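Undergrad: starting from these lines, generate the structure:
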Amino acid sequence: MTRSVFFRRTRNPRLPFLRRTRNPRLDLLARVGAGLLVVVVLTAVIGPLLLVSAEPHPAQSLLPPSGEHWFGTDQVGRDILTRVVYGARTSLFVAVAVLVLSALVGVTLGVVAGYSAGWLRDVIMRVTDIFLAFPALLLALATAVVLQPSVNTVVIAIAATWWPWYARLTASVAQSVAARGFVDAARCLGVGTPSIVVRHVLPNSLTPVLVQLSLDAGGVILTAAALSYLGLGAQEPTAEWGLMIEQGQALFTTNWWVVTFPGLAILVTAFAFNVLGEGMRDALDPHRKRTR
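TA: Have a look, this model is predicted:
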C-alpha cells in the first residue's frame with residue numbers, strides 16, 4: 001500500500017522546466033534559460049576542440065575583436081574567446097561541485113533532523129544556525145584566506161557556507177512529510193526507520209531542494225568569480241571569468257574587450273540559471289492550477 005502511494009505522489013512524467021506554468025512570460029523565460037544553459041554547457045564541452053590555442057603570443061597582445069580573434073586578445077596575446085570557453089568549464093565545475101557537496105551534507109542532515117526528534121534534531125539545527133549566523137560571503141572569504149588559493153579552495157569555501165540552507169529547507173519539508181499518513185502506514189506495517197527515510201521521506205522532500213539548487217547555481221558562479229577576482233580562487237594559468245576581469249580591469253577604458261566578454265559570460269550564465277530556477281519553482285508549485 002505504501003509503495004503505490006509513494007509512486008503516485010512522486011511520479012513526474014515531464015521535466016520540470018518543460019511543464020507549463022501559471023505565468024506565460026515566466027514560462028517563456030524558463031525555456032530561454034534552459035536553452036542558454038544548454039548552449040553554455042555544449043560550449044564548455046566541445047568549444048575547446050574547435051577554437052584556436054590559448055597560448056601566449058606577445059606580438060599579438062591587446063588586439064581588438066576581429067575575424068581572426070572574435071573577442072580580441074589579452075595583455076599577453078592570448079585569444080579571449082578561447083579563455084572564456086575554458087572559463088566556462090571552470091565555472092560550471094565549481095557550480096556543480098559546490099551544489100553536490102552542499103546538497104549531500106545539507107540534505108542528509110536535514111532529513112535526519114526532520115524525521116527524528118529530541119536532542120538529535122536540536123543539535124543539528126543549532127549547528128546549522130551557527131553557520132547561518134555568519135554572512136555567507138564573509139565566511140567563504142575567511143575560509144579561502146586560510147587555504148591556498150585554487151579552484152578546489154573555492155569549492156570548499158563556498159560549500160562550507162551553502163550546506164546550512166539546504167539542511168534548514170530539507171528539515172522543514174521532511175518534518176511535514178514525516179507526519180503524513182503514508183509514513184504512519186509504513187510504520188504500522190513494521191517498515192524500519194532507515195527504509196522509511198530513504199524510500200519515503202527523502203524522495204518526497206527533494207522537490208524544493210531541486211528548485212533551490214537551480215536557483216543557487218547562478219549565485220555560486222557569482223561568488224566563485226568574486227573570490228577569484230580578489231585573488232583567493234583560481235590562479236594563472238587557469239582560465240576563470242572572475243580572474244580574467246581582475247587582470248583586465250585597469251584596461252577597461254582603453255581595451256574594453258578584455259573585461260567585457262568575461263563579464264557577459266558571467267551575466268548570461270547566471271541569468272540562465274536564475275530564470276530556469278524561477279520557472280521550475282512555478283511549475284512545481286503544488287497549488288498551481290492545472291490546465292489542459
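Undergrad: which outside residues touch stretch 132-143?
TA: 131, 153, 156-158, 160-162, 164-165, 168, 223, 226-227, 230, 232 (CB atoms under 8 Å, 6 or more residues apart in numbering). Glycine gets a C-beta too; all of them are placed from N, C-alpha and C.
Undergrad: chain center to that stretch, what's the gap?
TA: Computed by CA atoms, centre = their mean, to the nearest Å, the chain-centroid distance of stretch 132-143 equals 17 Å.
Undergrad: what does stretch 101-121 give?
TA: Stretch 101-121 has its C-alpha centroid displaced from the chain centroid by 20 Å (CA atoms, centre = their mean).
Undergrad: and the helices in the stretch 51-200 of the chain, which stretches?
TA: For the stretch 51-200 of the chain, the helices defined by DSSP state H, counting those that start in this stretch cover 80-115, 119-132, 136-146, 151-178, 181-188, 193-196.
Undergrad: point out where this structure drops to low pLDDT.
TA: For the chain, applying pLDDT under 70 flags the ranges 1-26, 285-292.
Undergrad: not counting its neighbours along the chain, what's nearest the residue most central in space within it?
TA: Against the mean C-alpha coordinate of the chain, by CA atoms, centre = their mean, the closest residue is Ala217 at 2.1 Å. The spatial neighbour of Ala217 that comes closest, neighbours along the chain excluded (CB to CB, 6 or more residues apart in numbering), is Phe273 at 4.1 Å.
Undergrad: list the buried residues in the helix or strand the one you found falls within.
TA: Using DSSP states H and E, Phe273 sits in helix 257-283. By neighbour count with 16 or more other CB atoms under 10 Å, helix 257-283 contains the buried residues 257-263, 265-266, 268-283.
Undergrad: do stretch 234-248 as well
TA: Buried, per 16+ other CB under 10 Å, within stretch 234-248: 234, 238-248.
Undergrad: okay, these in CSV with secondary structure and distance to Val127 next?
TA: Output for those, formatted as CSV (DSSP: H, G, I helix; E, B strand; the rest coil; distance: CB to CB, whole Å):
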residue, secondary structure, distance to Val127
Ala234, coil, 30
Thr238, coil, 34
Ala239, coil, 37
Glu240, coil, 32
Trp241, helix, 33
Gly242, helix, 30
Leu243, helix, 33
Met244, helix, 37
Ile245, helix, 36
Glu246, helix, 35
Gln247, helix, 39
Gly248, helix, 41
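Undergrad: which of those lies closest to Pro65?
TA: Proximity of the buried residues of stretch 234-248 to Pro65 (CB to CB) peaks at Gly248, which lies at 13.9 Å.
Undergrad: so how far is Ala30 from the closest one?
TA: Distance, Gly248 to Ala30, using CB to CB, to the nearest Å: 33 Å.
Undergrad: what's the local residue count around the nearest residue to Val173 once chain neighbours are set aside?
TA: Nearest-residue entry for Val173: Ser205, 4.4 Å, with adjacent residues in sequence omitted and distances by CB to CB, 6+ apart. Look at Ser205: counted by other CB atoms under 10 Å, it has 25 neighbours.
Undergrad: Thr108 versus Ser205, what's the distance?
TA: According to CB to CB, Ser205 stands 11 Å off from Thr108.
Undergrad: now Val258
TA: For Val258, the distance to Thr108 equals 43 Å [CB to CB].
Undergrad: near the residue nearest to Ala59 when sequence neighbours are not counted, how many other residues are there?
TA: When the adjacent residues along the chain are set aside, Ala59 lies closest to Gly77, with 6.5 Å between them (CB to CB, 6+ apart). By other CB under 10 Å, 16 other residues sit near Gly77.
Undergrad: for Gly77, what are phi and psi?
TA: Here is the backbone geometry of Gly77 (degrees, to the nearest 10): phi 90, psi 20.
Undergrad: how far does the host helix or strand of Val41 sit from its chain's centre?
TA: Using DSSP H and E, Val41 falls within helix 24-50. Centre-to-centre, helix 24-50 and its host chain are 15 Å apart (CA atoms, centre = their mean).
Undergrad: then stretch 133-145?
TA: On CA atoms, centre = their mean, the centre of stretch 133-145 falls 18 Å from the chain's centre.
Undergrad: ok, Arg78 to Pro48 distance?
TA: According to CB to CB, Arg78 and Pro48 sit 13 Å apart.
Undergrad: and for Leu206?
TA: From Leu206 across to Pro48, the span is 34 Å (CB to CB).
Undergrad: same question, Gln249
TA: 25 Å.
Undergrad: which of those two has more neighbours?
TA: More crowded of Gln249 and Pro48, by other CB under 10 Å: Pro48, with 16 against 11.
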